[in-house]
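> Pasting the sequence and the predicted model now:
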Amino acid sequence: MTNRKMQIIELSLKHIQEKGFTSFSYDHLAKELGVTKASIHYHFEKKGDLGVAVCERIQQGLEGTYKTIQDSAIPVEEKPFAFILQRVKCLEKEGVCPISALQADYQELPQLMQDKLRQLSQMEIDVFVALLKEAKQQGALQATDDLESLAILLISSTKGALQYKRVLGEAFFVKMLEQLKALLK
């Protein structure tokens, strides 16, 4: 992948985290990158093509984080929480989860992007369920057998807390993380 193409994807990802997919145009990207709109169209004919590339970039990050956590020496019962912390580290200071931001714009997205986002959303849940399942098999997480529902609760809580953090500050997010960690013990 060319350096310019990756710059376009990364800048788009930043915009998505800060304001959503519908909040920027190729004109915005071109001005920030100091290139022409034609340069962006060269790499991504339509904004939906760019959106699919951003989804693929998010997927790579999700897969990379999962592999890093899986391969780490972290005790298995701590891996679900470590996964959340690692994903949060990837966000811009005031940004929200890019998957959540894209979900907020879901009805405005082209069909191909909606399909990719649906796959990405399910993958996020599946990865988290896999971490919870491993922890449960090692004797942790005695409270529930419905790991998918627990994964949905934890993911939703984290993403909602990121929204609240924008308004109420870092202390709010830290409190949520403390509760999440306690729940995963």
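Perfect, thanks for sending it.

> Give me the mean pLDDT for the longest helix along the chain.
Scanning the chain for the longest helix, with DSSP state H as the assignment, gives helix 111-137. For helix 111-137, mean pLDDT is 95.

> okay, the angle between the helix or strand following that helix and helix 111-137?
Going down the chain from helix 111-137, the next helix or strand is helix 147-168, by DSSP states H and E. Angle, helix 147-168 to helix 111-137, by axes from the mean of the first three to the mean of the last three Cα atoms, to 10 degrees: 110 degrees.

> which element follows helix 147-168 toward the C-terminus?
helix 170-183.

> Let me know the angle separating that following helix from helix 147-168.
160 degrees.

> Make residue 1 into 215 and carry on from there
Sure, I'll start counting at 215 from here, so that last one is helix 384-397.

> Helix 384-397: which residues count as buried?
Going by neighbour count (16 or more other Cβ atoms under 10 Å), the buried part of helix 384-397 is 387, 390-391, 394. From N, CA and C alone the C-beta is placed, and that goes for glycine too.

> Between the residues you listed, which sits nearest A365?
L394 (12.1 Å; Cβ to Cβ).

> Distance-wise, check E259 relative to A296.
39 Å (Cβ to Cβ, to the nearest Å).

> Which residue of those two possesses the greater neighbour count?
Each of E259 and A296 has its neighbours counted (other Cβ atoms under 10 Å); A296 has more, 16 against 10.

> could you give the angle of whichever strand or helix holds that one to helix 384-397?
Counting by DSSP H and E, the element that carries A296 is helix 293-303. Orientation check (the same axes, to 10 degrees): helix 293-303 against helix 384-397 gives 160 degrees.

> Quick check: mean pLDDT of helix 293-303?
pLDDT averaged over helix 293-303 gives 90.

> In it, which residues are buried?
293-298, 300-302.

> between these, which is nearest I223?
In terms of Cβ to Cβ, no member of the buried residues of helix 293-303 lies closer to I223 than R301, at 18.1 Å.

> tell me the phi and psi of the nearest residue to that closest one once chain neighbours are set aside?
Nearest residue to R301 in three dimensions, chain neighbours excluded: T279, at 5.8 Å (Cβ to Cβ, 6 or more residues apart in numbering). When read as degrees, to the nearest 10, the backbone of T279 gives phi -60, psi -40.

> Thank you kindly, that will do.
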